[in-house]
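Student: The sequence and its predicted three-dimensional model are supplied below.
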Amino acid sequence: MLQFLSFFTTPQSNRALKVLVIIALLLFVAAILVFWFGGSSFTERGVEIKLEGPEQALSGDEVVYKLKYINNTRTPLRNLQFRFFYPENSIVIKDNNEYSTEIAEYFQLDGLEAHSSGEKEFRAFLIGDKGSVLYAKTDLFYQAGDLSSRFEKKPISVATTIIGLPVPLTLSAPPTAVSGQEITYTLDYRNESQGDVANLRFKFTYPDGFTPKRFSPQPSEGTSTWNLATLKNGSGARITITGSISGNERDNKTVSMVLQRKIDASYIDYERAEASTIISSPLMNARIIVNGSRDYIASPGEFLTYNITYKNTSKYTFTGVTLQANLEGEMYDLNTLNPGSGYYDNSTKTIIWSSSGVPSFGSLGPNAGGSVEFRVQLRPTFSGGALGSKNFFIKTSATLATTDIPTGLDGQEISTHDSLVTKISTQPSINESMRYSDPAQGSSGPMPPQVGQKTMFYVTWEIANPGNSVADAIVKTSLPVGVSWENSVTVNSGGLPIPIYNQSKAQVMWNLGSVPSGVGAVVPKYSVTFKVGITPSSTQVNTTPYIVRSGTFTGTDSFTQQSILINLDDLTTSDTLDRSGEGTVVQ
């Protein structure tokens with residue numbers, strides 16, 4: 001053991017140790033070289049995408065984005081899939097100079113050779129408010145060489161700040177208004193670009209409940225579009241729109257406007273503006289009820305009593321107040337109208353109340369109010385313009401207004417509105433009849449019926465439905481003991497179902513499903529005839545036995561959702577149309 005240890009203290013052992021250290025260093029350097037240069041030739045860091053775009057632009061400017069893609073590796077790339085996203089609200093310019101609002105664009109390259117690059121341009125008109133920052137971005141998915149992995153370059157973006165508007169817009173609306181009040185929208189515009197701007201179009205979108213009445217200047221198209229051939233540098237003008245606004249308290253009514261510019265044959269959005277008005281508590285209100293309810297469902301032929309309550313809910317006194325009620329609907333029988341203290345104008349179908357009939361309308365003070373009443377009858381049947389309609393209803397609209405504006409209030413009229421739509425329930429009908437002799441099949445069996453011999457009868461149901469469509473419509477009846485189902489059925493239309501006989505219940509059921517509006521009025525009635533037989537017993541001599549009993553027609557009004565139930569009469573052997581009163585059984 002001592003000899004073994006002494007070996008490492010000799011000169012020969014020192015030389016051997018040095019050789020071993022040198023060999024170890026050489027092996028370490030070789031391992032590093034293999035690691036760096038002997039492995040795969042591909043690294044993700046060698047694939048780059050760059051995106052260039054303007055830092056600043058005016059709203060409406062045409063801008064160009066340049067996408068550069070670079071392969072700095074020694075490995076070819078394949079299946080390169082690019083996604084490019086334009087800023088929000090951009091108008092994209094396609095290669096064929098067409099325009100699109102689709103802000104996402106995709107393109108693909110089959111391959112990109114090692115140490116090569118390429119680029120692609122994207123053009124668009126930028127739309128934004130002054131000071132807004134608009135972002136375009138892109139990303140890339142690809143594969144490299146023979147590798148099966150799919151690589152991704154994370155999204156990069158470029159920001160463009162909107163530094164100004166070529167045609168600044170100021171759209172104004174009153175911050176608050178009461179329902180029924182007249183308001184004015186004002187649009188001011190001016191060309192602050194470096195030159196004239198041609199082919200402009202101002203297009204408004206009004207809020208629900210706004211009815212335009214007056215304009216300055218007049219629109220070029222309809223009630224919401226103004227065309228302008230040229231807007232010279234430094235010039236400007238104003239558009240005003242006056243109308244009435246209606247809505248519920250605290251409703252936010254937003255008017256919007258887009259300035260469009262014609263490029264080639266298309267108008268593209270150039271700038272946008274909007275303003276809002278909150279509906280506040282009304283200065284006056286009016287409310288309609290009919291037969292004591294807002295949800296009353298009427299029936300043909302009945303009288304309706306309308307009550308309109310009104311009130312001044314403001315701190316002002318209103319003079320020269322009028323109340324008008326307009327009646328809409330073919331089912332009103334206006335010959336029966338009693339306008340109460342109002343005057344009925346036949347030409348407009350409007351009842352008018354003024355201070356001559358309602359003295360308080362001459363001077364309606366704060367918190368003052370009252371009511372008026374009128375009566376009218378509905379037509380007994382659906383007819384005229386109402387016949388065959390899908391749904392049946394009537395509508396009454398009330399307007400309480402004055403043009404005498406107290407000091408401290410704006411506008412040319414103060415008004416409030418209410419309307420009430422009343423549904424009319426359907427009025428289906430069914431006629432049940434019976435014959436001894438059928439026109440197609442003749443007669444069979446003795447008449448009057450005779451003990452021990454079978455006599456045939458033909459029962460017919462006819463359905464008419466001039467009103468609302470009926471859902472889940474079913475007609476059914478029962479056959480008494482001794483009456484047989486003869487399994488002979490005829491319907492007047494090939495599309496109708498046929499009745500089914502349930503022997504265990506001795507019940508005939510005609511399941512129609514839906515009976516549309518207009519049956520028996522604009523299209524033929526639904527009709528079915530089925531044959532039954534009776535063989536009287538000796539206990540039925542000198543009687544008229546029942547043939548069908550406990551019949552019903554049931555369904556649901558599809559418009560009003562009311563249930564429908566019509567009871568059918570029982571029929572005896574003497575209730576035939578062709579041999580009436582001859583059905584007493586004989587021996």
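Tutor: Thanks, I have it.
Student: by contact count, what packs against the host helix or strand of residue 324?
Tutor: In the assignment (DSSP states H and E), residue 324 maps to strand 322-328. Under the contact criterion of 3 or more C-beta pairs under 8 Å, 6 or more residues apart in numbering; DSSP states H and E, strand 322-328 touches strand 303-312, strand 350-353, strand 369-378, strand 393-402. Where you see a C-beta, it was placed from the backbone N, CA and C, and this is true even at glycine.
Student: Would you convert these into CSV that also reports distance to residue 81?
Tutor: Formatted as CSV, the helices and strands packed on strand 322-328 follow (distance: least, C-beta to C-beta, whole Å):
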stretch, distance to residue 81
strand 303-312, 67
strand 350-353, 67
strand 369-378, 68
strand 393-402, 57
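Student: which intervals of the stretch 151-300 of the chain have sub-threshold pLDDT?
Tutor: Within the stretch 151-300 of the chain, no range satisfies pLDDT under 70.
Student: how about the strands in it?
Tutor: Along the stretch 151-300 of the chain, counting by DSSP state E, counting those that start in this stretch, strands occupy 151-164, 169-172, 176-178, 181-190, 197-205, 210-216, 225-231, 236-245, 252-263, 266-280, 284-290.
Student: Adding distance to residue 404 and mean neighbour count, write those strands out as TSV.
Tutor: Shown next, in TSV, are these (distance: least, C-beta to C-beta, whole Å; neighbours: other C-beta atoms under 10 Å):
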stretch	distance to residue 404	mean neighbour count
strand 151-164	47	15
strand 169-172	27	16
strand 176-178	16	20
strand 181-190	14	19
strand 197-205	31	18
strand 210-216	19	14
strand 225-231	33	15
strand 236-245	17	18
strand 252-263	26	18
strand 266-280	21	18
strand 284-290	13	19
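Student: who touches whichever strand or helix holds residue 107?
Tutor: In the assignment (DSSP H and E), residue 107 maps to strand 104-112. The contact list for strand 104-112 (C-beta atoms under 8 Å, 6 or more residues apart in numbering) reads 69, 71, 76-86, 92, 118, 120, 122, 142.
Student: Just the pLDDT at residue 14, thanks.
Tutor: For residue 14, the model assigns a pLDDT of 58.
Student: Next: residue 39.
Tutor: Taking residue 39 on its own, its pLDDT is 44.
Student: Which SSE is immediately downstream of the strand holding residue 107?
Tutor: In N-to-C order, the element after strand 104-112 by DSSP H and E is strand 116-125.
Student: Helices of the chain, start to end?
Tutor: 2-6, 11-37 (DSSP state H).
Student: For those helices, which has the smallest mean pLDDT value?
Tutor: Among those, helix 2-6 carries the lowest mean pLDDT (a mean of 45).
Student: that older thread, adding distance to residue 469 and mean pLDDT, write the helices and strands packed on strand 322-328 out as TSV.
Tutor: Converted to TSV, the helices and strands packed on strand 322-328 look like this (distance: least, C-beta to C-beta, whole Å; pLDDT from 0 to 100):
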stretch	distance to residue 469	mean pLDDT
strand 303-312	23	97
strand 350-353	32	98
strand 369-378	19	97
strand 393-402	14	93
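Student: mind giving me the domain ranges of this structure?
Tutor: As given by automatic domain parsing, the domain ranges for the chain are 44-164, 169-280, 284-423, 429-572.
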